[in-house]
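>>> Sequence and predicted structure are below.
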Number of protein chains: 2
Amino acid sequence: MYRERIKLLDCTIRDGGLMNNHYFTDQFVREVYRALSQSGIDYMEMGYRCSRELSPPKDFGAWKYCDDEKIKEITDGIESAMKLSIMVDAHRVKEQQFVPADESPIDMVRVATYVKDMDKAIELVNRCHGLGYETTVNIMAISKEIEPDIIEALDQLAKSPVNVVYVVDSFGALYCEQIEYLVKLYRKHLPEDKEVGMHCHNNQQLAFSNTIEGIIHNANFLDASLYGIGRGPGNCPLELLVSFLKNPKFKLSPILRVIEEQMLPMQKDIEWGYLIPYMITGMLNEHPRAAIEMRKTADKDKYAKFYEEIRDVTA
Amino acid sequence: MYRERIKLLDCTIRDGGLMNNHYFTDQFVREVYRALSQSGIDYMEMGYRCSRELSPPKDFGAWKYCDDEKIKEITDGIESAMKLSIMVDAHRVKEQQFVPADESPIDMVRVATYVKDMDKAIELVNRCHGLGYETTVNIMAISKEIEPDIIEALDQLAKSPVNVVYVVDSFGALYCEQIEYLVKLYRKHLPEDKEVGMHCHNNQQLAFSNTIEGIIHNANFLDASLYGIGRGPGNCPLELLVSFLKNPKFKLSPILRVIEEQMLPMQKDIEWGYLIPYMITGMLNEHPRAAIEMRKTADKDKYAKFYEEIRDVTA
């Protein structure tokens, strides 16, 4: 399906980095950058710009900070028309600096926030917009919010300079009818010149289908990752989204090649994909942290016990 | 969601058997039968009733034939209110015998057919209905059929005694809007007392979401399998469907327990799940046989090469 306003954003390095404390080799990041550029993907997210004070460098790799100079090292010498984005958590802003956009390799700053931190998010949007960056606000854990709070946040965002507002199904809990409801609510409260974005998690094997559901209701900014890599069950697989869109500006072969050459070996270091503990936190609309913890124990495959425990705790 | 007419059918042994020539141990089949019974699943499909002349016993396990006596051995001593089904290919009928339903452990005969073999399928439905069995017709490869042929088949089925007519997305090619179209077409051409069924394949991670799409448009017979086992990428995972329905008559714990105890070890013998070669045949609306073959070779992970070859052959 062809719709010019649809933009694909790959979050392989950013969301995948949540599983390895953002330690990727330069070679890996370069190969991903090269493949996505060849595929015609619109945006690549390099990681977070975290405060070094709040997140000390002894604990994290380079993609926790996404220094401009580091990004330039990676992209140097690779032909690309792709834009770059980084993510900032609205509730973890401290001393992070941004140079004016025209002096930076970064095109877009994405602000991840909960509804309750919306004022902080909009403050950051204003600052980055003033420096010339495109901006998004990604409203996390939307499946836990009630309608009046969402509406208040959207009405605030409608008056801000933000370019895109995302539905973020952090817990992989939402079904298609709930996606339809949320995207329509966003569209109703946002002016025509702001886009709605989709960021889905794959706990219940619904990340791709929910992204399609978003497209049907006019979401135009779509997050995905190579082979679906991301925290826990991961994200919407980029290869599925590209094959669905059938837009000749996107090429599938470079994506398939980097999956076979880079993502298959990466599965030895990072566990992601459909796993029952994440399916359980998803169906219960819970943060995946309990599943992440139990996957590190000897009981990692005791699914029934985990379900019964977490169901009783959250009931 | 609660809808009394919704029935779940587990096809673990039948569809999974396509990957191991129907060689499952009696112990495995018994444990599956026990767990599904405890979970309140409505139907369990035991396998095929194939002709021993067309499919000689030296090449296949017991679940290729599903003899009544063999089924009784498995179910003996296990408390259960679950009904049992077997499948027959309309185009491969030879000397298969059926005793009257009230002398058999089998409750339902499901006839798998292509549109072109509909007359053979209806002949078999008439015969089994006459013996007292519930019957279904599962129209395979529906994504390759054109509307006038589907309508002609449905109009014939409307006049037959068949209980359920299935949408079978054999190639895992269909998106939600196509599912909506097909289920509505079925509903329009079938009388109210016949149900529509959904059998989805998971090539593009859409088996579960397409099953939900079917439910939304009034499909009430739903196929699924434990942990999604089945040919290639497999089927709609039963655990996801049960957790979605939230019907207290279905219990999730026995399903999770048999997955951890029986299905995880089974992954050493049978490969299923999301794999790029099956995603490629799915997106191209092709039979998975090319993907099955390439997964047996040294090039099993050469995704880009496989895509380029199959795309050029099928273009």
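On my side now, so go ahead.
>>> residues near the residue of the stretch 151-300 of chain A found nearest chain B, how many?
The minimum distance from the stretch 151-300 of chain A to chain B, using CB to the nearest CB, falls at A:Ser209 (3.3 Å). Glycine gets a C-beta too; all of them are placed from N, C-alpha and C. Under the neighbour criterion other CB atoms under 10 Å in any protein chain shown, A:Ser209 is assigned a count of 28.
>>> quick one, what contacts it?
Applying CB atoms under 8 Å, 6 or more residues apart in numbering or on different chains to A:Ser209 gives the contacts A:176, B:176, B:205-206, B:208-210.
>>> so which of these comes closest to A:Gly130?
Sorting the contacts of A:Ser209 by how near they are to A:Gly130, with CB to CB, puts A:Cys176 at the top with 38.3 Å.
>>> Leaving out chain neighbours, which residue sits closest to that closest one?
The spatially closest residue to A:Cys176, leaving aside those adjacent along the chain, is A:Glu213, at 4.6 Å (CB to CB, 6 or more residues apart in numbering or on different chains).
>>> Please enumerate the strands of the stretch 101-250 of chain A.
Using DSSP state E, counting those that start in this stretch, the strands of the stretch 101-250 of chain A run over A:108-113, A:134-139, A:164-169, A:195-200, A:221-224.
>>> Now for the residue lying closest to A:His189 once chain neighbours are set aside: which residues touch it?
Counting by CB to CB, 6+ apart, the nearest residue to A:His189 once its immediate chain neighbours are dropped is A:Leu154, at 3.7 Å. Under the criterion of CB under 8 Å, 6+ apart, the neighbours of A:Leu154 are A:165, A:185-186, A:189-190.
>>> returning to that earlier point: what is the neighbour count of the residue nearest to A:Cys176?
Using other CB under 10 Å, A:Glu213 has 25 other residues around it.
>>> lowest average confidence, helix or strand, in chain A?
Taking mean pLDDT, DSSP states H and E as the measure, chain A has helix A:303-314 as its least confident helix or strand, at a mean of 91.
>>> Quick check: which ranges of chain A have low pLDDT?
Under the criterion of pLDDT under 70, the regions of chain A flagged as low confidence span A:1, A:315.
>>> Do you have the helices of it handy? List them.
Counting by DSSP state H, chain A has helices at residues A:12-16, A:26-39, A:68-75, A:118-130, A:147-159, A:176-189, A:207-216, A:238-245, A:253-258, A:264-266, A:276-283, A:289-294, A:303-314.
>>> hey, which of these is tucked in deepest?
Each of the helices of chain A was scored by mean neighbour count; the highest is helix A:12-16, a mean of 27, by mean count of other CB atoms under 10 Å in any protein chain shown.
>>> what about that one and chain B, any contact?
No - figure legend: helix A:12-16 not in contact with chain B (CB under 8 Å from any CB of the partner chain); closest approach 15.5 Å.
>>> Spell out which residues of the stretch 51-200 of chain A are next to chain B.
When proximity is defined by CB under 8 Å from any CB, the stretch 51-200 of chain A lies next to chain B at A:175-177.
>>> anything in stretch A:233-243 near chain B?
Yes - using CB under 8 Å from any CB, stretch A:233-243 reaches chain B at A:237, A:239-240, A:243.
>>> Tabulate those (TSV), appending distance to B:Lys194.
Compiled in TSV, the residues of stretch A:233-243 next to chain B are given as follows (distance: CB to CB, whole Å):
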residue	distance to B:Lys194
A:Pro237	37
A:Glu239	38
A:Leu240	34
A:Ser243	35
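>>> still on that earlier bit, could you work out which of the helices of chain A reaches nearest to B:Lys144?
Counting by CB to CB, B:Lys144 lies closest to helix A:238-245 out of the helices of chain A; the figure is 18.0 Å.
>>> before we move on, the earlier item: I'd like the helices of chain A written out as CSV, with distance to A:Tyr2 added.
Converted to CSV, the helices of chain A look like this (distance: least, CB to CB, whole Å):
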stretch, distance to A:Tyr2
helix A:12-16, 25
helix A:26-39, 17
helix A:68-75, 29
helix A:118-130, 30
helix A:147-159, 28
helix A:176-189, 20
helix A:207-216, 11
helix A:238-245, 8
helix A:253-258, 19
helix A:264-266, 31
helix A:276-283, 32
helix A:289-294, 38
helix A:303-314, 42
